[in-house]
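# Predicted structure and sequence below. I'll ask about it afterward.
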Amino acid sequence: MSNTPQLLKGQAALVTGADSGIGKGVALAMAAAGAKLLINYAHNKAAADDVVSQIKAFGGDAFAFQADVSHEEEVKAMFAEIFKQYGTIDILVNNAGLQKDSKFVDMTLDDWNKVISINLTGQFLCAREAAREFIKRGVIEEKSKAAGKIICMSSVHEVIPWAGHVNYAASKGGIMMFMKSIAQELAPHKIRVNGIGPGAIQTPINKEAWETPDALDKLLTLIPYNRIGQPDDIGKLAVWLASDESDYVTGVTIFADGGMTLYPGFADNG
C-alpha cells in the first residue's frame, strides 16, 4: 500500500459502514492514498477495530466510531468526534446500507422503513452535516481544489428493477436523485457530490450469490466482463472521485459493474 499515490494526503475522511465489505475496501484504499479515517460501524466493534489496525499497520491514521446513521443525534455525535480528532472533514463516503428482502406482498412496514431509514435517510443526515462543515470552512487550497467531496454509495439497482428487493431498489433510486439534487445545490460552494453504482461485489451482503460454483456461474451470466467485483475495485474509484483528479466531475453516478447495466440479456438479440 505504501506505493499508492498520495492523492488524498492530509485529508480527513468519514466512511460509514466501513467495518466490512465495500466500506472496508473504500476505507483501506483512502488510507493508502493518505487520508485520515473515521471508521464508522453500527454493531461490529471488533471488525471496525480490525480495519483500524490494518490501516495503522501500513502507517495510516484511523479510529473507529459507533453510530447508527439513521439516528440524527448519533450522526451529530459522530461528526463532533471527527472534528475533535482531525479538526474538520474533507471527504464523506455515504456507504452504510442493508437489505431486508421479501416478496412485495409479504414485505412488512418495518422492513420497508428499516431499509429506507439506513440506506436513504442515513445518507441525508450524514451529507447534511458534512455540507454544513464544508460551507462554513470553504476551500483549503493546499489540501484540495474543492471545499468538500461527498460520495453516495448507490447500486446498479438505481436503474435496474429488482423484484423481491423493492425496498432496497427504491432506496437506491432515491439515492440517485438525492445525490443529483444536492450536487446541483452545493456546486456553487465548490462541493462535489457523486455516486458510485457497484454491481455484484464479493461481500457478505450477497454471499449466497457467489459462495457456490453454481451460484457464481449463474451470477456471471449477468456480468459481461465475466468476473465478480472486489471491494478494492470500488475503493480505487472512490479515491479518484475524492481526489483533485476528478475536480470537474459532479452530479453523476459511475457504475462499477463489469457491464451489468449493459443488460446482457439482450446481447444475443434479446
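The structure has been received and is ready for your questions.
# show me where the stretch 101-250 of the chain has helices.
Remark: helices assigned in the stretch 101-250 of the chain by DSSP state H, counting those that start in this stretch are 109-116, 122-137, 166-186, 213-220, 231-242.
# what distance separates the start and the end of stretch 35-44?
Distance between the two ends of stretch 35-44: 23 Å, counting by Cα to Cα, to the nearest Å.
# same question, stretch 85-104
The first residue of stretch 85-104 is 44 Å away from its last residue (Cα to Cα).
# Redo the helices of the stretch 101-250 of the chain as TSV? Include distance to residue 95.
No exception for glycine: its C-beta is placed from N, CA and C like everyone else's. Listed next are the helices of the stretch 101-250 of the chain as TSV, based on distance: least, Cβ to Cβ, whole Å:
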stretch	distance to residue 95
helix 109-116	15
helix 122-137	9
helix 166-186	11
helix 213-220	22
helix 231-242	9
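# Indicate which one of these is closest to residue 36.
Among those, the nearest to residue 36 by Cβ to Cβ is helix 231-242 (12.6 Å).
# Run through the residues that contact the nearest residue to residue 94 once chain neighbours are set aside.
Spatial nearest neighbour of residue 94, chain neighbours left out: residue 123 (4.2 Å); criterion: Cβ to Cβ, 6 or more residues apart in numbering. Residue 123 makes contact with 69, 94, 152, 175, 178 under the criterion Cβ atoms under 8 Å, 6 or more residues apart in numbering.
# And for residue 240?
7, 246.
# same deal with residue 226?
Counting by Cβ under 8 Å, 6+ apart, residue 226 touches 220, 258.
# same question, residue 220
Applying Cβ under 8 Å, 6+ apart, the residues near residue 220 are 226-228.
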